[in-house]
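J.: here you go, sequence then predicted model.
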Amino acid sequence: MTPATTTISRHLSEEQVRLPDWTRAILELLNSFALVGKIISREVSRAGLSQGLDENGSQNSQGEQVTKLDVLAHNLICHVLSHSFQVCIMVSEESESPLEVPDNCSRGNYVVLFDPLDGSSNIEINASVGTIFSIYRRISIDGKGTIGDCLQAGIKQVCAGYILYGSSTMLVYTMGYGVHAFTLDPYIGEFLMSHENIKIPARGNYYSINEGSAKHWTAGIADYLDSLKSVRSTRPPTLRYIGALVADFHRTLLSGGIFLYPANTHYPEGRLRLLYEAAPLAFISEQAGGRATTGSERILELKPKTLHQRVPLIIGSWEDVLDLEKFILQARSKAA
Ligand code: AFP
């Protein structure tokens, strides 16, 4: 068997020739995330030895504990993106307000939103975590970038991706021309293409939800799961829940099935963040032939109102997500 030899840089140079002009800046940004991915991967892989697991004593704008690795990842991404000279403004889960590019770095035409280390509470048990990113073209003409640049509907994304720090480190991205994945070979320090043009199976056997919140789910969710378990009695569905969105989504992308984080009484708007969690994964999912919804609205069409807005997220195989939407619709019309 010939080993994988297409590096991410070679793939991106080939894409630059094939795709329209504007992609050059995006490719620069993707190269920045490849660099960031290697550095964070190194830090995550030795987190048990360093003090990276420790909370740094503060909470982020969402009221969640921040670890030293969250801070490292946040600072690193801000620094590398600012020095790409392609960005005018950034949004991070770890910062309440948008982040300006420092004055000593020239500004570009793109807005980047990211979750530096999603699922970071998983690090202390040595489970997977990830970085998620989403890229838009600015709508303001020039200058520092505005809040309006940051609050665009997901359908306007020009690129989205994630880096999964799991048993191997993998970078997955879409620019609207399919979904590709690259696995980091730590011995040569390169991301090598491992999955080209990924397609989510139309149905899958996995479902992924935090069942501990079952009592608080919104109408339709429990009925759907009951039907899933009884209808397919010949091959019962399998529950898988890691509690790190990137890892749960990655399994769904490759193996099919459905991931759900519905609204519940603790999180009446849903728990996951629209701009740097739901929208980028929805873009990837749709590009791979899957579906992403709040239960009644397409994630990519939601117009964000605030930077850290939360949404219910139901994502994965087209047919599975569609089935669930029917249950939600039925439950709502019964209640009406
Ligand atoms: P942390 O980054 O605070 O660990 O949160 C991770 C996360 O936002 C997302 O990655 C998971 O899908 C979700 O939380 C898990 O939430 P529950 O623990 O409520 O199931």
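T.: Perfect, I can see it now.
J.: so which residues on the stretch 1-150 of the chain come close to the ligand?
T.: With C-beta under 6 Å from any ligand atom as the criterion, the stretch 1-150 of the chain comes near the ligand at residues 64, 118-121. Quick note: C-beta positions are derived from backbone N, CA and C, even for glycine.
J.: which of the residues you listed count as buried?
T.: In these, burial by neighbour count holds for 118-121, counting by 16 or more other C-beta atoms under 10 Å.
J.: for residue 257, what are its contacts?
T.: Contacts here follow C-beta atoms under 8 Å, 6 or more residues apart in numbering; on that basis residue 257 touches 203-208, 237, 240, 251, 316-317, 320.
J.: from the residues of the stretch 1-150 of the chain next to the ligand, pick the one nearest residue 146.
T.: Relative to residue 146, the closest of those is residue 118; by C-beta to C-beta it sits at 25.9 Å.
J.: related to what we said a few turns ago, helices - which of the buried ones among the residues of the stretch 1-150 of the chain next to the ligand land there?
T.: Taking DSSP state H, every one of these sits outside helices.
J.: would JSON lines of the residues you listed with pLDDT be doable?
T.: Converted to JSON lines, these look like this (pLDDT from 0 to 100):
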{"residue": "118", "pLDDT": "96"}
{"residue": "119", "pLDDT": "94"}
{"residue": "120", "pLDDT": "88"}
{"residue": "121", "pLDDT": "85"}
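J.: possible to save the residues you listed as JSON lines with distance to residue 198?
T.: Listed next are those as JSON lines, based on distance: C-beta to C-beta, whole Å:
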{"residue": "118", "distance to residue 198": "20"}
{"residue": "119", "distance to residue 198": "21"}
{"residue": "120", "distance to residue 198": "26"}
{"residue": "121", "distance to residue 198": "28"}
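J.: what parts of the stretch 151-300 of the chain come near the ligand?
T.: Within reach of the ligand by C-beta under 6 Å from any ligand atom, the stretch 151-300 of the chain has these residues: 210, 243-245, 271.
J.: show the buried residues in these.
T.: Among these, those scoring as buried are 244-245, 271 (criterion: 16+ other C-beta under 10 Å).
J.: returning to that earlier point: and the least confident of the contacts of residue 257?
T.: Among those, residue 237 carries the lowest pLDDT, at 90.
J.: mind listing what that one touches?
T.: Neighbours of residue 237 in contact, by C-beta under 8 Å, 6+ apart: 205-207, 228-229, 257.
J.: quick check on the residues you listed: which are buried?
T.: The neighbour-count criterion (16+ other C-beta under 10 Å) marks 205-207, 228, 257 among those as buried.
J.: in strands, which of those residues fall?
T.: Among the buried ones among the contacts of residue 237, the ones falling in strands (DSSP state E) are 206-207.
J.: would CSV of the buried ones among the contacts of residue 237 with distance to residue 127 be doable?
T.: Formatted as CSV, the buried ones among the contacts of residue 237 follow (distance: C-beta to C-beta, whole Å):
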residue, distance to residue 127
205, 22
206, 17
207, 19
228, 25
257, 19
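J.: what's around the closest residue to residue 130 other than its chain neighbours, how many residues?
T.: Excluding its sequence neighbours, the residue lying closest to residue 130 (C-beta to C-beta, 6 or more residues apart in numbering) is residue 246, at 2.6 Å. Neighbourhood size, residue 246 [other C-beta atoms under 10 Å]: 27.
J.: just to revisit the earlier point, so which of the residues of the stretch 1-150 of the chain next to the ligand belong to strands?
T.: Those of those mapping onto strands are residue 118, per DSSP E.
J.: my reading is that residue 144 is in a helix; is that accurate?
T.: No: going by DSSP: H, G, I helix; E, B strand; the rest coil, the assignment for residue 144 is coil, not a helix.
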